[in-house]
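Provided below for reference: sequence and predicted model.
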Amino acid sequence: MLLILIVYMFSLSIYTSANAIPDTLNRAAIAIVDEDQTTLSARIASAFYPPHFTHPKMITYAQMDEELDTGSSTFVLNIPHGFQRRVLSGDAAEVQLNVDATRMSQAFSGNGYITQMINQEVAEFAQRYRSEATMPVELSLRARFNPVLDSTWFGGIVQVVNNISMLSLILTGAALIRERERGTIEHLLVMPVTPVEIMMSKIWSMSAVVLAGALFALVFVVQKLLGVPIEGSILLFAAGAAVFLFSITSLGIFMATIANNMAQFSMLLILCLMPMQMLSGGMSPRESMPEILQYIMLLAPTSHFIDLSQAILFRGAGFEVVWVQFVALAMIGMTLNFLSLRRFKEAIVKMA
């Protein structure tokens, strides 16, 4: 089962996570109640088209509540009778936009998007021609490291990092707990090996498996399948991943020595893994978080690995740029390794 999990996490999981949740409005379902039946209302209806919206579904006023209750449409736009006449006469005119707020991402971005589109169409209709507004300052936008602003570029890399963290914790912890449950750890104790050698064998064997899977995912899934260009050195990233794995697998050993069985380890895994993934800067920038939380997350190895991965893979940074993250990961790793070794020796003494 663990082999199937490894294959899934470094293939289908990365591809689906990179494409599942687009940051921009994509094919949002919209229905329009056109009670005005004029040139302006038809012009507004024709402004909605793929890929941001589906082709508008024209319904009656009586069908509006049913359309929202059944979830058939995220947005229902009601253009009242006499709307064009009031616009041309200069009177206050309004339309009603009903939003299904249970679809949070579409509702939040689509509300402002639709308002902007309607205002633009009404202004151009009132002026009798389409025109580009002349701005006093021209903004020349250059997007570095992701010129097409494609969210899959960022999502694929972050998912690789998250999967490295998850699998390294699961594999090292599960290996130690399973050996303790089956009694094979006692067999190791009677052999001429030290606790350090036992623990390091768990750390580096699982790290090698996860690192091989991560490099496969980076080259064949992220670079080839998703088409994300890798600007930096993959070997430098592999070196950083190895240092990160040393620290995160040491944490897995430490958690396994605290838990008495797999059920307890699973609960510990959730308590540790989810905050690290959510607050390490992969889902949202750490700069947007409370200041005290930013300092606390500097103690987590995932925060430094996220910074290291983005700098190398996106910006093409060399070792002279990311050496700070290397040092931080090494220091965190040595601390966690010392604590886990101490805890592991105590657990062995109890078993003896």
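That came through, no problem.

from residue 144, how far out is residue 167?
From residue 167 across to residue 144, the span is 32 Å (Cβ to Cβ, to the nearest Å). (Each C-beta comes from the backbone N, C-alpha and C, glycine too.)

more neighbours: these two, which one.
residue 167 (24 against 7; other Cβ atoms under 10 Å).

counting contacts, what elements does the strand or helix carrying that one pack onto?
Using DSSP states H and E, residue 167 maps to helix 151-182. Judged by 3 or more Cβ pairs under 8 Å, 6 or more residues apart in numbering; DSSP states H and E, helix 151-182 is in contact with helix 2-9, helix 12-20, helix 184-189, helix 195-216, helix 234-258, helix 262-279, helix 301-313.

please repeat the previous calculation with a cut-off of 7 Å.
Packing partners of helix 151-182 (3 or more Cβ pairs under 7 Å, 6 or more residues apart in numbering; DSSP states H and E): helix 2-9, helix 12-20, helix 195-216, helix 234-258, helix 262-279, helix 301-313.

angle of the longest one against helix 301-313?
Read that as helix 234-258. 170 degrees (axes from the mean of the first three to the mean of the last three Cα atoms, to 10 degrees).

mind listing what's buried in helix 234-258?
236-237, 239-241, 243-257 (16 or more other Cβ atoms under 10 Å).

next: the first one.
Applying a neighbour-count criterion of 16+ other Cβ under 10 Å, one finds 6, 9 buried in helix 2-9.

neighbouring contacts of it?
163, 167, 171, 209, 213 (Cβ atoms under 7 Å, 6 or more residues apart in numbering).

any idea how far it is from the chain center?
For helix 2-9, the separation from the chain centroid amounts to 20 Å (computed by Cα atoms, centre = their mean, to the nearest Å).

repeat for the third one
From the chain centre to the centre of helix 195-216 is a distance of 26 Å (Cα atoms, centre = their mean).

burial count for residue 341?
Residue 341 has 19 nearby residues by other Cβ under 10 Å.

tell me if I am right that it is in a helix.
Yes: applying DSSP: H, G, I helix; E, B strand; the rest coil, one finds residue 341 inside a helix.

correct me if wrong: it contacts residue 200.
No: under the criterion of Cβ atoms under 7 Å, residue 341 is not in contact with residue 200, lying 8.9 Å apart.

give me phi/psi at residue 27?
The phi and psi values for residue 27, taken as degrees, to the nearest 10, are phi 50, psi 50.

give me the low-pLDDT residue ranges for the stretch 51-200 of the chain?
For the stretch 51-200 of the chain, the stretches flagged by pLDDT under 70 are 129-135.

kindly recompute the last result at 90.
Within the stretch 51-200 of the chain, the segments meeting pLDDT under 90 span 51-52, 71, 88-93, 101-113, 120, 123-159, 161, 173-200.

tell me how far stretch 139-151 is from the chain's mean position?
Mean-position distance between stretch 139-151 and its chain equals 19 Å (Cα atoms, centre = their mean).

from start to finish, how long is it in a straight line?
One end of stretch 139-151 to the other measures 23 Å (Cα to Cα, to the nearest Å).

pull out the buried positions in that stretch.
The neighbour-count check on stretch 139-151 (16+ other Cβ under 10 Å) flags residue 150 as buried.

for the remainder of this discussion, apply numbering that starts at 843.
That works, and once the first residue is 843, the last one we named lands at stretch 981-993.

would you map out the domains in this protein?
872-969, 992-1193 (automatic domain parsing).

deepest-packed of these, please.
Burial of the domains of the chain is given as mean neighbour count (mean count of other Cβ atoms under 10 Å); domain 992-1193 ranks first at a mean of 18.

confirm residue 879 sits in a helix?
No: assessed with three-state DSSP, residue 879 is coil; it does not lie in a helix.

can you tell me how far it sits from residue 887?
11 Å.

just residue 1117 next, same as before
In terms of Cβ to Cβ, residue 1117 sits 46 Å off from residue 887.

I'd like the distance between the residue lying farthest from the centre of the chain and residue 922.
Note on the chain: the largest C-alpha distance from the chain mean falls to residue 931, namely 49.5 Å (Cα atoms, centre = their mean). In this view, residue 931 and residue 922 are 15 Å apart by Cβ to Cβ.

same check on residue 1147?
According to Cβ to Cβ, residue 1147 stands 55 Å off from residue 922.

just residue 853 next, same as before
For residue 853 relative to residue 922 (Cβ to Cβ), the value is 52 Å.

residue 877 now?
Separation of residue 877 from residue 922 (Cβ to Cβ): 6 Å.

cool, residue 909 as well?
Using Cβ to Cβ, residue 909 is found at 17 Å from residue 922.

cool, residue 854 as well?
Distance from residue 854 to residue 922, by Cβ to Cβ: 48 Å.
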